[in-house]
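> need a structure here:
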Amino acid sequence: YRHAAPSAPWPWMDFNTTCSDGPTSPVNEFTDGTIPAWKTYPRNICRNWSSDQVTRSKILSSTSHGTSCNIYKVDVSDEGRFMNSDDGLRRSNRTVSVTPDRRPSGTRARALFVDNLSSEVLQMLGTRYRIGPSFFSCSTNWIPSRYQEDVKPSEGDHITIVLPFVRVVPDGEWLTKAASNVGVPPSPLKQTTPNAHVVDYRMPLLLHSTNHVLLQDLLAIHMVRSSTSSTIISHHPKVEVQNGSAQRLQLLVLKAGDSAYWSEVFAKSKDPTFVILVIFWYALYGWDEAFEVLSPHINWLEVYIFTTNDIYATQELHKLRASLLYYQQLLQTFRKSLVFLQTTPNPAMDALTEEERKLSADLMEKEVGNLLFEVDRLESQRAMLSSRLKNLIDLAFAMDNIEERKAATRDSATMKQAWRSSLIFISYLTMVFLPASFIASVFGMNVVEINPGSNENMAHYTEATIVVTLVTGWLLVAVQGHSSLHPPGSDIWRRLVWPAF
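As a prediction, this is how the structure comes out:
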């Protein structure tokens with residue numbers, strides 16, 4: 001994290017680093033007329049970014065090398081009209097220029113939606129628009145970020161917002177492919193592999209009951225706000241689905257321009273930051289649709305547990321609840337990003353009149369408030385779904401305990417029946433052998449009547465037997481605290497003289 005997050009507050013990146021590569025001076029667009037300056041990015045923009053930090057941040061190693069990427073454009077005019085600059089440009093490392101781009105006159109802002117970003121295009125865009133490398137390190141490593149840099153009063157600044165969110169992917173062939181990628185077995189509620197119990201929040205969440213996939217996506221936006229014409233760069237990670245999120249977001253932004261509501265907003269305010277608010281609604285729509293399909297899936301799990309009492313369902317419930325806890329953090333990040341955007345006004349708006357600035361600030365507060373209201377609604381819905389899952393987990397374990405108690409009761413009854421049968425059998429067996437044992441004991445007695453020459457006789461045996469039997473019975477009655485022969489509360493001395501009473 002420390003090698004990819006915005007590094008300005010960090011006094012060092014690694015304790016093991018003894019020295020840096022040394023400071024470098026800003027580089028012109030081309031070096032010696034032969035080597036493009038963009039090849040030295042990010043050191044041509046931020047000289048404190050050593051080669052070691054570039055390697056650790058993975059801004060170049062995580063992106064594809066030498067491949068083509070798609071860049072889709074949307075221009076916003078000063079009148080608030082949204083225009084499609086082209087149908088999507090397929091760029092390679094030789095067709096993207098680092099020279100100033102040509103825009104129609106009266107263009108308030110240009111949005112670039114970049115799909116399948118290559119390392120060459122990353123360096124070109126960073127050099128052309130002087131983008132700090134922290135934006136690319138945060139977006140390629142999926143680190144939520146929001147910060148402002150290069151502030152110039154009355155001219156502009158740079159703002160970066162990296163925001164993970166969740167959206168629903170339509171079912172179809174990609175659904176089967178996604179299921180095989182995440183290693184989901186055919187039976188979702190009976191996972192036996194060791195890794196099946198590990199919840200990876202970055203992986204797609206497959207909802208078997210509704211045939212949907214909840215896919216984590218990313219809004220990675222860097223905006224160069226200027227008093228002349230601003231630029232918005234939206235980096236989109238590679239997604240295994242037709243019409244990737246870059247082209248999808250371009251079309252949705254164009255549709256927002258056709259809305260009467262947003263056309264009025266852009267006509268009233270000259271602040272191009274409102275384009276980011278439009279993009280935020282894309283993430284909000286994804287969240288709303290995700291919870292919309294999650295609720296029926298939880299209903300299905302509830303019915304499944306009631307009908308089958310399958311203890312393996314708790315694994316699915318645990319995975320869903322762990323995902324919802326992670327979604328809580330993402331929604332908090334969403335809220336913080338909105339507050340950051342509201343509390344970070346555009347310095348270029350200082351050149352406008354006070355009335356225009358106040359109108360734009362009021363509109364910003366209103367639109368951010370609308371988004372915050374929806375985020376609070378989503379958080380309330382998430383908390384409700386999480387509570388339902390907790391109740392289902394408790395219910396599953398309670399029903400399993402009831403079944404175990406019933407089984408234990410049945411086993412206990414069976415054991416008691418077997419014990420009684422054994423006692424009856426032993427009693428009958430004792431009755432069979434008791435006469436023989438008695439006769440053997442009598443013939444074994446050492447008395448004169450049976451064994452001539454002995455010193456004892458039967459009279460002495462009878463006397464001793466009667467005395468010992470009486471003493472034993474007396475003691476057995478005396479040591480019993482609760483007996484019909486004793487008054488209630490009798491002490492030991494009273495019980496010892498019980499024959500007298």
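
> sticking with the residue nearest to Leu395 when sequence neighbours are not counted, tell me its helix or strand.
Residue nearest to Leu395 in three dimensions, not counting chain neighbours: Ile305, with 6.4 Å by Cβ to Cβ, 6 or more residues apart in numbering. Just so you know, the C-beta spots here come from the backbone N, C-alpha and C atoms, and that holds for glycine as well. Following DSSP states H and E, one finds Ile305 within helix 274-308.

> avg pLDDT for the next helix or strand after that helix?
Using DSSP H and E, the helix or strand that follows helix 274-308 in sequence is helix 313-342. The average pLDDT within helix 313-342 is 90.

> now do the buried residues in helix 313-342.
By neighbour count, with 16 or more other Cβ atoms under 10 Å as the criterion, the buried positions of helix 313-342 are 313-317, 319-321, 323-324, 326-327, 330-331, 333-334, 337-338, 340-342.

> which other helices and strands contact the host helix or strand of Met223?
Assigned by DSSP H and E, Met223 belongs to strand 212-226. Contacts defined by 3 or more Cβ pairs under 8 Å, 6 or more residues apart in numbering; DSSP states H and E place strand 212-226 against helix 133-140, strand 156-169, helix 173-181, strand 205-207, strand 230-236, helix 274-308.

> can you tell me which of the ones you listed is nearest to Pro104?
strand 230-236 (14.2 Å; Cβ to Cβ).

> give the partner strands of that closest one in its sheet and their orientations.
strand 107-115 (parallel), strand 212-226 (antiparallel) (DSSP bridges).

> the inter-axis angle of it versus strand 156-169?
30 degrees (axes from the mean of the first three to the mean of the last three Cα atoms, to 10 degrees).

> show me what strand 230-236 is in contact with.
For strand 230-236, the external contacting residues (Cβ atoms under 8 Å, 6 or more residues apart in numbering) are 108-115, 117, 125, 129, 131, 135-136, 139, 156, 217-224, 244-246, 249, 272, 275-276, 279, 348.

> what's the PyMOL syntax to select whichever of those are buried?
Buried members of those can be picked out in PyMOL with the line below, counting by 16+ other Cβ under 10 Å:
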select buried, resi 108+109+110+111+112+113+114+115+117+125+129+131+135+136+139+156+217+218+219+220+221+222+223+224+244+245+246+249+272+275+276+279+348
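
> among the helices and strands packed on strand 212-226, which is nearest Ala418?
When the helices and strands packed on strand 212-226 are compared (using Cβ to Cβ), the closest one is helix 274-308, at 32.2 Å.

> that closest one - contacts with which helices or strands?
Checking 3+ Cβ pairs under 8 Å, 6+ apart, helix 274-308 ends up next to strand 156-169, strand 205-207, strand 212-226, strand 230-236, helix 245-257, helix 260-268, helix 313-342, helix 354-443.

> just how off-centre is the second one within its chain?
Averaging C-alpha positions (Cα atoms, centre = their mean, to the nearest Å) puts strand 205-207 13 Å from its chain's average.

> for the stretch 151-300 of the chain, which spans come out with low pLDDT?
170-199, 201, 239-244 (pLDDT under 70).

> go again with 80.
When residues are selected by pLDDT under 80, those of the stretch 151-300 of the chain lie in 170-203, 237-245.

> and the gap between Asp362 and Gln148?
Distance, Asp362 to Gln148, using Cβ to Cβ, to the nearest Å: 21 Å.

> okay, the two: which has more neighbours?
Higher neighbour count among Asp362 and Gln148: Gln148, with 15 against 12, using other Cβ atoms under 10 Å.

> then the more buried one would be within a strand, right?
Yes: using DSSP: H, G, I helix; E, B strand; the rest coil, the assignment for Gln148 is a strand.

> residue contacts, it?
157-160, 344.

> domain map for this structure?
51-178+200-402, 445-500 (the TED database).

> of those, which approaches Ala408 most closely?
Ala408 sits nearest to domain 51-178+200-402 of all these, at 10.2 Å, using Cβ to Cβ.

> wait, Arg357 touches Met349, no?
Yes: under the criterion of Cβ atoms under 8 Å, Arg357 makes contact with Met349 at 5.4 Å.

> looking only at neighbour counts, state which of these two leads.
Met349 (21 against 18).

> average pLDDT for stretch 411-423?
Mean pLDDT, computed over stretch 411-423, is 79.

> for the stretch 1-150 of the chain, what spans make up the helices?
51-57, 119-128, 133-140 (DSSP state H, counting those that start in this stretch).

> out of the ones you listed, deepest packed?
Highest mean neighbour count among the helices of the stretch 1-150 of the chain (mean count of other Cβ atoms under 10 Å): helix 133-140, with a mean of 27.

> that one to strand 212-226, inter-axis angle?
Using the same axes, to 10 degrees: helix 133-140 against strand 212-226 is 170 degrees.

> tell me where the stretch 1-150 of the chain is predicted with low confidence.
Residues of the stretch 1-150 of the chain that meet the criterion pLDDT under 80 lie in 1-37, 47-48, 50, 61-68, 85-102.

> that one: strands as residue ranges?
Using DSSP state E, counting those that start in this stretch, the strands found in the stretch 1-150 of the chain span residues 30-31, 35-36, 69-77, 82-84, 89-91, 107-115, 145-152.

> what sits against the residue nearest to Pro133 when sequence neighbours are not counted?
Spatial nearest neighbour of Pro133, excluding adjacent residues (Cβ to Cβ, 6+ apart): Pro42 at 3.6 Å. Going by Cβ under 8 Å, 6+ apart, Pro42 touches 49, 54, 59, 123, 126, 132-133, 136.
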